[in-house]
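Trainee: Pasting the sequence and the predicted model now:
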Amino acid sequence: MRTMKVDRSRNATTQVGNLGPGVFAAGRFLRRFKIDEMPQVLNVILGDMSFVGPRPCLEETKDSMPDWAWRRFEVRPGITGLAQTRGNTVLSWEKRWEQDIEYVDRQSLFLDVMLILKTILVVVFGEEKFEGSL
């Protein structure tokens with residue numbers, strides 16, 4: 001689901017927040033309530049993704065990752081995870097990768113359930129209320 005205007009000059013590895021330049025007005029709504037992530041449920045059904053795990057990344061981002069960050073690929077990518085419930089787009093790539101590695105180290109059914117519940121709270125109340133928690 002597209003939430004941004006096409007801009008071929010934009011650096012694909014630069015994160016754009018909900019209020020970033022190029023985001024459609026309707027895109028802000030879709031992003032704020034995570035409606036733009038709904039097509040990913042099909043990837044979960046197909047077995048390509050999990051509900052919880054590190055977010056998949058672009059090849060450009062993958063190519064620039066330091067060696068230590070590659071541990072995030074030890075688990076199936078997910079729709080939500082630690083980084084998405086601890087600040088998401090306000091975090092640097094390095095901080096997100098650190099969260100992903102923490103998830104790999106702590107992975108459990110209990111943590112997955114907690115992250116799904118927290119994701120619901122993030123959607124209802126907004127990401128800014130949960131930066132750094134859990």
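Mentor: Yep, that arrived.
Trainee: ok, now which ones touch Asp112?
Mentor: Asp112 sits next to 51-52 when contact means Cβ atoms under 8 Å, 6 or more residues apart in numbering. C-beta: built from backbone N, CA, C; applies to glycine.
Trainee: In three-state terms, label it for me.
Mentor: On the three-state scheme (DSSP: H, G, I helix; E, B strand; the rest coil), Asp112 is labelled helix.
Trainee: And stretch 62-73, end to end?
Mentor: Stretch 62-73 has an end-to-end distance of 10 Å (criterion: Cα to Cα, to the nearest Å).
Trainee: all helices of the chain, in order?
Mentor: 25-32, 40-46, 59-63, 82-85, 93-106, 109-125 (DSSP state H).
Trainee: Which of those helices sits closest to Arg71?
Mentor: helix 93-106 (5.1 Å; Cβ to Cβ).
Trainee: Give me the buried stretch members for the closest one, please.
Mentor: Across helix 93-106, burial judged by 16 or more other Cβ atoms under 10 Å covers 93, 96-104.
Trainee: For those, name the two members farthest from one another.
Mentor: Using Cβ to Cβ, the buried residues of helix 93-106 reach their maximum pairwise distance at Trp93 and Val104, which is 16.4 Å.
Trainee: Could you list the low-pLDDT ranges of this protein?
Mentor: 1-34, 129-134 (pLDDT under 70).
Trainee: at 90 instead, please
Mentor: Low-confidence segments of the chain, defined by pLDDT under 90: 1-43, 56-64, 84, 86-93, 122-134.
Trainee: which residues does the residue lying closest to Val41 once chain neighbours are set aside contact?
Mentor: Using Cβ to Cβ, 6 or more residues apart in numbering and skipping residues adjacent in sequence, the residue nearest Val41 is Ile79, 7.4 Å away. The neighbours of Ile79, taking Cβ under 8 Å, 6+ apart as the test, are 37, 40-41, 44, 49-52, 55.
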